[in-house]
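**Student:** Sequence plus the predicted model coming up.
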Amino acid sequence: MSLCILKDRLENLKLLKELPADELSELCNLSIDFLKAGPKNERHPKIADSVESLNSMIKTLVLLLTDVTKSNVNQSEFETSLKMILSTKQLSVLWQHVVDNKIFIHNTLRSHNVKSYRYRDLSWRIETRISSRCLLHQVTPIATVLLTVDSEQINENRTKLALVNDNLFSSTAKTILFQIDPTNLVHIIDILEVALAESKTHRTRNTLKAFQVNK
């Protein structure tokens, strides 16, 4: 998988092209310091003429380091994605900083990650009233649905949640119980079928892989 970089970021990366390897390495250190403590507004004349230019280069490099870490690309994929912009020596310096700071960047990304609920399990049953001869209208069945979502990232092959005293045993799980009529149930099924088909496309899989952060 190649590294996906937006066009405007590619233009910003060209600013790094003129930096010697030692100055690029120093800029990488400043970028890690930026992630740890925020901007310091210090001058580094060897790297940039002004504080504004330096901060712009630091932010560009921070975005690159985090993108590479999230994408989980290997060295060959990394170099292939940037070889038209940076030299072999510069790529080597950058990759070494990616390797050295990978765990720190992972932890930083995880600490700023907003938890969102994901589908975990679904159970349902059909309920309907028994009709009688005096009933003058059509009986409408009702489906009772128990939807379980989880803020924990779950592997597709992971087993279902265990039941303890008829309750789902998970500190991160959330259950939603609701009733629905056949018309809306069919609509939900159609939407889920479309989403399922979309999730199996190469485009979606590549996008998900790009945002995946290893734990």
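**Tutor:** Perfect, I can see it now. Numbers count the residues shown, from 1 in each chain.

**Student:** So, low pLDDT: which residues of this structure?
**Tutor:** Low-confidence segments of the chain (pLDDT under 70): 1-10, 112-118, 127-138, 152-171, 207-215.

**Student:** The closest residue to R205 other than its chain neighbours: neighbour count?
**Tutor:** Distances taken as C-beta to C-beta, 6 or more residues apart in numbering place S199 nearest to R205, at 7.8 Å, with adjacent residues excluded. The C-beta positions use only the backbone N, C-alpha and C, and glycine is treated the same way. The local packing of S199 (other C-beta atoms under 10 Å) involves 10 other residues.

**Student:** What distance do you get for S199 to A173?
**Tutor:** Note on S199: its distance to A173, by C-beta to C-beta, to the nearest Å, is 21 Å.

**Student:** Grab the longest helix from this protein for me.
**Tutor:** helix 51-71 (DSSP state H).

**Student:** The following helix or strand past it packs against which elements?
**Tutor:** Sequence-wise, the next helix or strand downstream of helix 51-71 (DSSP states H and E) is helix 75-82. Judged by 3 or more C-beta pairs under 8 Å, 6 or more residues apart in numbering; DSSP states H and E, the packing partners of helix 75-82 are helix 88-100.

**Student:** go with 10 Å
**Tutor:** Secondary-structure packing of helix 75-82 (3 or more C-beta pairs under 10 Å, 6 or more residues apart in numbering; DSSP states H and E): helix 7-13, helix 51-71, helix 88-100.

**Student:** helix or strand right after the shortest one?
**Tutor:** Scanning forward in sequence from helix 7-13 by DSSP H and E, the next helix or strand is helix 21-37.

**Student:** Can you list the buried residues in that following helix?
**Tutor:** Under the neighbour-count criterion of 16 or more other C-beta atoms under 10 Å, helix 21-37 has E23, L24, S25, L27, C28, L30, S31, I32, F34, L35 buried.

**Student:** how is the protein carved up into domains?
**Tutor:** Taking automatic domain parsing as the reference, the chain has its domains at 7-111, 118-211.

**Student:** and among these, the most buried is which?
**Tutor:** Comparing these by mean neighbour count (mean count of other C-beta atoms under 10 Å), domain 7-111 ranks first with a mean of 15.
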